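# below: sequence and its predicted model.
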Amino acid sequence: MAVIETDAVVLRTIRYGEADAVLTLYTADRGRVSAIAKGLRKPTSRLSGRLQPGVWAHLTMQAGRRDMHTVRGASVVQAHAGLWVRGERLRAAGCVLEAAMRVLPEDEADPEAFALLTRTLALLAEDAPAPGPPHLNPLVLGFGAKLLVVSGLLPRLTSCASCGAPGPLVGFSARLGGAVCTACAAGTTPLDAPGLDALVALLGRPLREAAAACPPAAAPVVERVIGDVLREHLGVELRSATPR
C-alpha cells in the first residue's frame, strides 16, 4: 500500500468500534478524504490531541483500497487552540468545518480552498466576541462567501442576472444566477441594499476585515444568499444555518 504524506485539517471525527475513529479530512494534496485512526479514543493514544476537529496537522497515512485511508502518524502544524477558549469561537468553527465538509469535493485538491479554510480557523481562534449567533459571525459568512468563489458558484451581484440592467437590484434568485432588478424581481427573494453591499464587501475585502464588511443587520441576508446558492447548485442544506 502506498504511503501518503500531506497536510490536512480535521473536519469531523466519528466514533468507530471500541476505540477507533473515522475522520473526515480536508487535505492540501487530495481534497476531502476519509481515514480511520485506530485506537484514537484510547487514553494512551498519542494521536488524540492531534486529530481533533479544527486542527491542522501533517499526516502520514497508508492508502486504502476503498477510499478509506489509515492514519499512521500526525504532527500538529497549527492547533488553533484559541477555538477551545470560548464556546462561541468553537461553535463558529463548527459552522466553517461543516460548510467545508458539505461543499468541498472528494479527491480534488484545491490549494485556494485549503488556504481559505486554514486562514479562517486561525482568525476565529483569536476572534473578539461578536454579536449574534455563531452562524452569523462575520468570519463564518466571509468564509461562506469566499467558498462560493473557490467552488465556482459566485452569483452575479453587480447587474441584473436576468436582463443585465445595472439596477437597482432588489431581489435574488440562485436559479437565475444572482441579483435581479425591479422589472425581473417577481418570484424572487427580496434583497435589500445593505445585505447586497455586505456580500460584495465580504467578497472583495480580506477575511480579517469581515466584521467591518458585514454589520450585524446585514448578516441574515448574506447567510440567506449563500444558502440559496448552495441549495440550488449543490443540493446542500447547512444544518448550522438559520432554519428556513
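Nice, thanks for sending it over.
# any stretches of the chain with poor pLDDT?
Within the chain, the stretches with pLDDT under 70 are 1, 244.
# ok, residues contacting stretch 214-228?
131-132, 135-136, 138, 141-142, 144-145, 147-148, 155, 172-174, 189, 191-192, 194-199, 201-202, 237-238, 241-242, 244 (CB atoms under 8 Å, 6 or more residues apart in numbering). Any C-beta I mention is one placed from the backbone N, CA and C, and that applies to glycine too.
# try 6 Å this time
131-132, 136, 138, 141, 144, 172, 174, 194-195, 198-199, 202, 241 (CB atoms under 6 Å, 6 or more residues apart in numbering).
# TSV for these, including neighbour count?
As requested, the contacts of stretch 214-228 are exported to TSV (neighbours: other CB atoms under 10 Å):
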residue	neighbour count
131	11
132	13
136	21
138	27
141	26
144	26
172	27
174	20
194	14
195	22
198	25
199	28
202	24
241	21
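# adjacent strands (with direction) for the longest strand belonging to the chain?
The strand that spans the most residues within the chain, counting by DSSP state E, is strand 3-16. Paired neighbours of strand 3-16 in the sheet (DSSP bridges): strand 20-27 (antiparallel), strand 56-62 (antiparallel).
# dump these into JSON lines; add distance to residue 68 and mean neighbour count as well.
Formatted as JSON lines, those follow (distance: least, CB to CB, whole Å; neighbours: other CB atoms under 10 Å):
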{"stretch": "strand 20-27", "distance to residue 68": "8", "mean neighbour count": "21"}
{"stretch": "strand 56-62", "distance to residue 68": "10", "mean neighbour count": "20"}
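# among those, which is nearest residue 184?
Distance to residue 184, taken as CB to CB, is lowest for strand 20-27 among those, at 37.5 Å.
# mind checking how far the helix or strand just after the closest one is from the chain centre?
For strand 20-27, the following helix or strand on the C-terminal side (DSSP states H and E) is strand 31-37. From the chain centre to the centre of strand 31-37 is a distance of 17 Å (CA atoms, centre = their mean, to the nearest Å).
# which residues sit against strand 31-37?
So strand 31-37 is in contact with 20-27, 47, 51, 61, 68-71, 104-109, going by CB under 6 Å, 6+ apart.
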